[in-house]
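J.: structure of the sequence below:
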Amino acid sequence: MRDNKHKKIVHINEIKSPDDIKEMSVKDLSLLAVEIRDFLINHVSETGGHLASNLGTVELSLGLHYVFDSPRDKIIWDVGHQSYTHKILTGRYDGFTSLRKTDGMSGFPKTKESPHDIYETGHSSTSIAAALGMATARDLANDDYEVIAVIGDGSMTGGPAFEALNNVRQAKSKLIIILNDNEMSISQNIGGLSEHLGTLRTSGKYQSAKETVKGALDKVPVVGSGMKSLLVNTRDQLKYMLLSGGILFEEFGLTYLGPYDGHNMKDIINALNQAKNNDRPVLLHFMTKKGKGYKPAEDDPNLFHGIGPFDVETGKPKSSSGKSFSSYFGDAMVDIADENPNVTAITAAMCDATGLSEMYKKYKKRVFDVGIAEGFAAIFAAGQARIGMHPVVAIYSSFLQRAYDEIIEDICLQKLPVTLAIDRAGCVGADGETHHGIFDLSYLIPMPGMTIYAPCDGPTLVDMMKLAVSKDYPVAVRYPRGNAKDERITGAAFDGNNIRVSSGKDGDILAVGTMLEHAIEAREILKQDGLDVGVVYIGTVKDGETINQNSDFYLCGSEAPYVFTVEDNLKAGGFGQYFAALYENNAIDYDKDDLKTIINIGWPDKFIEHGSTEDLFAKYKLDGVGIAEMIKTHINGRKA
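T.: A predicted model of the protein is given here:
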C-alpha cells in the first residue's frame with residue numbers, strides 16, 4: 001500500500017483522472033467518499049438515475065482506482081449501474097449535469113465516453129466471462145496488466161456467471177473477481193447461492209481456519225504415496241467440514257479472500273493489494289450496504305434502485321405519477337389469481353418492479369422469483385404448464401432476449417399455455433441501448449403458435465391478461481414503461497379483434513399498442529393539410545391460433561390506397577414487415593387496381609441511444625408530428 005504520510009488532498013471537482021487520488025491518505029480517501037456521496041445524492045435528485053447501488057460502491061470504486069492503474073488495468077462493471085463513482089474518478093464530473101439526458105452522459109459504461117470504460121454492460125452476469133476472455137487474450141500476448149470483474153451477489157445468480165466460473169480453472173489465467181455483496185439485487189436475492197453467501201457473511205473463521213489447516217499439513221513429513229494420499233484426503237475433509245463457505249469458489253479454481261467491510265478504506269486497499277500480488281485467480285468478497293449514507297435509500301433500496309428526480313430532504317419523488325402499466329398488470333394478476341387457482345406468476349429478480357408484489361403478499365406459494373435467470377424462468381414455466389398450471393412470466397422486454405431459445409424450444413414447440421407479460425416494451429428512454437425493448441416483436445413474431453397482444457391503455461391491458469390466461473397456447477402481452485391511460489382510447493373492450501377507430505379515404509394508419517395515441521395525433525395534424533387518414537388499433541399483433549393469417553384481419557375494412565404501419569419496435573422484422581408479407585401473400589385475392597401501397601414506420605436498424613422518450617420519438621419521427629410528416633410526404637409524393 002502507498003505511504004499514507006502523503007498529505008495531498010483532492011476534492012471531487014479537481015479529479016481529472018485516477019492518478020489524482022493516488023497520493024491521498026486513507027483518511028482523506030474516506031473523506032472524499034463522503035463528498036462523493038453528497039454529490040451523487042444531489043445530482044441524481046435532479047436527473048434521476050441509479051442511486052442506491054452507486055451509494056453502496058463509493059469506497060470500493062475509490063479503492064480500485066487507488067490500487068490499480070486504469071485503463072491499462074481493465075475494470076469491468078457487471079450491469080454497470082453502479083459505475084457513477086468510477087465515472088467521477090475518470091474525469092467525468094461535469095457530465096453529471098446531463099446524466100441520462102438526451103445527448104448527455106450515459107448511466108452505464110460506454111466505450112465511446114472514456115477509455116476507462118473498457119467493456120459495455122447493461123444486463124447482468126456477464127463481467128466474469130468478459131474478464132476471463134480479456135485475461136486469456138492478455139496471456140496470449142505475453143502482457144501483464146490486471147483484469148478485474150466487479151459483480152454483485154444478485155448478478156451471481158445468473159447462469160453466465162456460473163458458466164464463466166466453471167471455465168476459470170481450465171483457463172489458468174490470473175483475474176480478480178470482486179464480489180460486491182449487498183445482500184440484495186433489485187428484489188431480494190433468492191436461492192442456494194444467496195444462502196451460501198449468507199453463511200460466508202456470518203463466518204469470521206474461514207480465512208484463519210484455512211491458513212491453519214494448510215500450515216499444519218505443510219509441516220507433516222510425507223512418507224510414501226499412501227501417507228500423501230491420506231493427508232490429501234484428510235485435508236479435503238477438513239476443508240469441507242471447517243472451511244464451508246468459500247469452498248464453492250475454491251473448487252472453481254479461485255483463491256477466496258474475505259468477507260471484508262466494503263466501506264472501510266484501509267481494509268479495501270489491503271485486500272485489493274493482496275489480490276494484486278497473488279499469481280492465481282482471486283475472488284474478493286466485500287460486504288456493502290445499498291443506499292449507504294442516505295437514509296431514505298438505505299430504508300427503501302428498491303425505490304432508489306432506479307428513481308426519477310426526488311426531494312433530497314424527504315426522499316419522495318418530485319412529480320406525482322399516475323398508474324403505470326406495471327400496476328395495471330399487478331392488479332389484474334391478483335384478480336386473475338382470485339378466480340383461477342391454476343395461475344402462477346414467475347419473475348426474474350423483479351417482483352416489485354413488474355408489479356407482482358401484491359400477488360406475492362396474497363398468494364406467496366404461487367409467485368416464484370427465480371433470480372436473474374430468464375432462460376430458467378421460461379423452462380420452469382414450461383414445466384408448470386405441462387402439468388396443468390398456467391404460468392405468467394413477467395420479465396422486462398430487453399431481459400427476455402436472454403430466454404429466446406427457451407421460448408422457442410420449451411414453450412412454443414410444445415404449444416404450452418404460458419403467458420409472457422413483457423414489461424418495458426418499446427423505447428424506455430434514459431437507460432438507453434441496453435434497455436430499450438424494441439426487439440421483442442421481431443423475435444416473437446416468427447415463433448410458430450405465438451399470439452401477441454399490445455395494449456393501448458390500462459383497461460385494455462387488463463382485458464388482454466384475462467384473455468391470455470384463458471388460452472391453452474403461448475401468448476405474449478407486451479406493454480411499455482410509464483403511465484397508462486385510465487380510460488379506453490378505443491371506447492370498447494378488447495376481445496382479440498383489432499379495432500377501427502376512424503376511417504379515411506386517403507390512407508389508413510395501423511397503430512400497434514400505445515402507438516395508437518401518436519396515430520390519432522397524426523390524423524388530426526393531417527386534417528389541417530386536407531388529408532383524410534383513418535386509424536386502426538392493432539391490439540392483436542399476431543394470432544398464433546390461426547396458422548394461415550389473412551391481412552384483412554388487420555385492415556378492418558380499409559378501402560384507402562395507402563396503409564402506414566407504426567410500431568414501437570424495430571422496423572426490421574417487426575409488425576409492419578410481417579403485415580406487408582401477409583398482404584403480398586394474399587394479393588392474389590385482390591384486383592390489381594385495388595392493391596395498396598404499404599409503408600412501414602418504426603425504429604431504424606440501429607441501437608437507439610439514451611434520452612427522454614419524448615426526444616427520441618421526435619428525433620426518429622415516431623411521434624404524431626413525425627408520423628404525419630412521413631405520411632404527407634408519401635401521399636403527396638413530395639417532401640413536406
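
J.: for Thr597, which non-adjacent residue is spatially closest?
T.: Tyr562 (5.2 Å; C-beta to C-beta, 6 or more residues apart in numbering). Just so you know, the C-beta spots here come from the backbone N, C-alpha and C atoms, and that holds for glycine as well.

J.: make sure Ile12 is actually in contact with Arg92.
T.: No - with contact defined as C-beta atoms under 8 Å, Ile12 does not reach Arg92; the gap is 11.3 Å.

J.: compare the two and say which is more crowded by neighbours.
T.: Arg92 (19 against 15; other C-beta atoms under 10 Å).

J.: which ones are touching the more buried one?
T.: Listed by C-beta atoms under 8 Å, 6 or more residues apart in numbering, the contact set of Arg92 reads 105, 113-114.

J.: looking at those, which are in helices?
T.: Judged by DSSP state H, helices contain none of those.

J.: now rank the residues you listed by neighbours and give me the top one.
T.: Met105 (21 neighbours).

J.: ok, for it, nearest residue in space, not its chain neighbours?
T.: Using C-beta to C-beta, 6+ apart and skipping residues adjacent in sequence, the residue nearest Met105 is Gly95, 3.5 Å away.

J.: now the residue nearest to Val462 when sequence neighbours are not counted: how far from Lys364?
T.: Among residues not flanking Val462 along the chain, Ala332 sits closest, at 4.5 Å (C-beta to C-beta, 6+ apart). Ala332 sits 18 Å away from Lys364, going by C-beta to C-beta, to the nearest Å.

J.: who has more neighbours, those two?
T.: Applying other C-beta under 10 Å to Ala332 and Lys364 shows that Ala332 carries more neighbours, namely 25 against 8.

J.: mind checking which helix or strand the more buried one is in?
T.: Using DSSP states H and E, Ala332 falls within helix 325-339.

J.: got the buried residues for the helix ranked longest in the chain?
T.: Longest helix in the chain, counting residues (DSSP H): helix 26-47. Neighbour counts over helix 26-47 (16 or more other C-beta atoms under 10 Å) mark 26, 28-30, 32-33, 36-37, 39-41, 43-45, 47 as buried.

J.: of those, closest to Leu64?
T.: Taking C-beta to C-beta as the measure, Leu64 sits nearest to Leu29 out of the buried residues of helix 26-47, at 11.7 Å.

J.: shouldn't Asp311 be in contact with Ser319?
T.: No - in this structure, Asp311 is not within contact of Ser319 by C-beta under 8 Å, at 10.6 Å.

J.: which of those two has more neighbours?
T.: With neighbours defined as other C-beta under 10 Å, Asp311 and Ser319 compare such that Asp311 has more, 11 against 7.

J.: contacts only, for Tyr342.
T.: Actually, residue 342 is Asn. It isn't Tyr. By C-beta under 8 Å, 6+ apart, the contact set of Asn342 is 388-390.

J.: please repeat the previous calculation with a cut-off of 10 Å.
T.: 366, 384-385, 387-391, 417, 469 (C-beta atoms under 10 Å, 6 or more residues apart in numbering).

J.: returning to that earlier point: I'd guessed the residue nearest to Thr597 sits against Val533; true?
T.: Yes - Tyr562 lies in contact with Val533 (C-beta atoms under 10 Å); the separation is 8.1 Å.

J.: the more surrounded of those two?
T.: Val533 (27 against 19).

J.: what residues are bridge-paired with that one?
T.: Gly507 (DSSP bridges).

J.: mind checking pLDDT for it?
T.: Note on Val533: pLDDT of 98.

J.: tell me what the strand ranked longest in the chain is packed against?
T.: For the chain, the strand that runs over the most residues, judged by DSSP state E, is strand 562-570. Under the contact definition 3 or more C-beta pairs under 10 Å, 6 or more residues apart in numbering; DSSP states H and E, strand 562-570 sits against helix 440-444, strand 507-512, helix 515-527, strand 533-538, helix 552-555, helix 575-586, strand 597-603, helix 624-636.

J.: which among these is found nearest to Glu120?
T.: strand 597-603 (19.5 Å).

J.: would you map out the domains in the protein?
T.: As assigned by automatic domain parsing, the chain contains the domains 12-203+252-299, 204-243, 325-478, 500-636.

J.: check those for me: which has the lowest mean pLDDT.
T.: Among those, domain 204-243 scores lowest, at a mean of 47.

J.: surely Asp143 is in contact with Ala137?
T.: Yes - proximity of Asp143 to Ala137 meets the contact threshold set by C-beta under 10 Å, at 8.6 Å.

J.: list the residues that contact the residue nearest to Thr597.
T.: Contacts of Tyr562 by C-beta under 10 Å, 6+ apart are 504, 506-509, 531, 533, 596-599, 631, 634-635.

J.: no further queries at this time; thank you.
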